[in-house]
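Enquirer: turn this into a structure:
(one chain, ligands or ions: 2)
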Amino acid sequence: MVKTSQEIERIKVSCKICKSILVELGEMVRCGITTYEIEKKGEELIKENGVESAFKHYNGYPANLCISVNEEVVHGIPSREKILKEGDIVSLDMGVVYKGFYSDCADTFPVGRVKEIHSKIIDVARASFAAGILKALPDMRVGDIGVAIENVVKANNFSVVREFVGHGIGKSLHESPEIPNFGEPGKGEILKENMVLAIEPMITEGKADIMILKDGWTVVTKDGGYAAHYENCVLIGKNGPEILTTV
Ligand code: MF3
Ligand code: CO
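Expert: Residues are numbered from 1 along each chain as shown. Ligands and ions are numbered 1, 2, ... in the order given. Have a look, this model is predicted:
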């Protein structure tokens, strides 16, 4: 959906707040901390910034943040029992609502020293995002973004999760169009100036197959391979893509 300049101004404020909180929470990631402590700090920062969580109660989701560790791909529920340890990789995903406007961003952080392949999967998630947003231009299509992301992931021998996708964002968390992290050049919806898209590669070190745990939320790889997630809200600007979730 195309946004007005007033809507874009508000989305920008929402995005800045969201990313600033994510960065602060990312600095907490270390051995011995529980994902619940990060959630609690997130809740505190959301209040302090005068915004609301975009995730809490969304379709019944029970927390402010999604914290997904190792083979968890997305939608990990923070828990007092989940203590981070050296070698883990941890994705923090959060969204806020400011004056009715949503933002959404995610990043994956290493805990201490991690295996080389896991530090690589974190880098490739970012690199694939970077390749994807180069196609976030007026008159390009959703498939152009998807295939650009997919090509970077495949070239590095990782896999793209197919069941979860990026999305338009603004007055709600998930708007059209959907932005799969795979696709075909020249296929799919046409992109227009002043659309805002949450582009979010979710990639795995082994096979792409996922399943959902009994908690009804946590998405994990079937083969136990680790996953990385990287997400920003991007404005399709007149002069090219603009990442809005920056500090
Ligand atoms: N970044 C995820 C998304 O775009 C987070 C949603 S989690 C939920 O869908 F809790 F809100 F469902
Ligand atoms: Co999202």
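Enquirer: so what's the residue in the chain that ligand 1 sits nearest to up against?
Expert: Per CB to the nearest ligand atom, Tyr61 is where the chain lies closest to ligand 1, at 3.3 Å. Bear in mind the C-beta positions are built from the backbone N, C-alpha and C, glycine included. Tyr61 makes contacts with Phe55, His75, Trp217, as judged by CB atoms under 8 Å, 6 or more residues apart in numbering.
Enquirer: any part of stretch 46-55 near ligand 1?
Expert: Yes: on the criterion CB under 6 Å from any ligand atom, stretch 46-55 is in touch with ligand 1 at Phe55.
Enquirer: quick one on the thing from earlier: and the pLDDT at the residue of the chain closest to ligand 1?
Expert: The confidence metric pLDDT takes the value 98 at Tyr61.
Enquirer: how about it, phi and psi?
Expert: When read as degrees, to the nearest 10, the backbone of Tyr61 gives phi -60, psi 130.
Enquirer: how many residues are close by the closest residue to Val23 other than its chain neighbours?
Expert: Of all residues not flanking Val23 in the chain, Val247 sits nearest, at 5.8 Å (CB to CB, 6 or more residues apart in numbering). Look at Val247: counted by other CB atoms under 10 Å, it has 12 neighbours.
Enquirer: residue ranges for the helices of the chain, please.
Expert: 5-26, 35-48, 116-133, 142-155 (DSSP state H).
Enquirer: now the second one: buried residues?
Expert: So that's helix 35-48. Counting neighbours by 16 or more other CB atoms under 10 Å, one finds that the buried residues in helix 35-48 are Thr35, Tyr36, Glu37, Ile38, Glu39, Lys40, Lys41, Gly42, Glu43, Leu45, Ile46.
Enquirer: test my guess that Val96 contacts Lys16.
Expert: No: taking CB atoms under 8 Å as the definition, Val96 is not a contact partner of Lys16, at 10.0 Å.
Enquirer: do you know the pLDDT at the closest residue to Gly168 other than its chain neighbours?
Expert: Nearest non-adjacent residue to Gly168, counting by CB to CB, 6+ apart: Glu175, 3.5 Å away. Predicted confidence (pLDDT) for Glu175: 98.
Enquirer: just list the residues touching Glu175, thanks.
Expert: Counting by CB under 8 Å, 6+ apart, Glu175 touches Met1, His167, Gly168, Ile169.
Enquirer: also Ile149?
Expert: Ile149 makes contact with Ser128, Phe129, Ala131, Gly132, Val160, Asn181, Phe182, Ile199, Pro201, according to CB under 8 Å, 6+ apart.
Enquirer: many thanks, have a good one.
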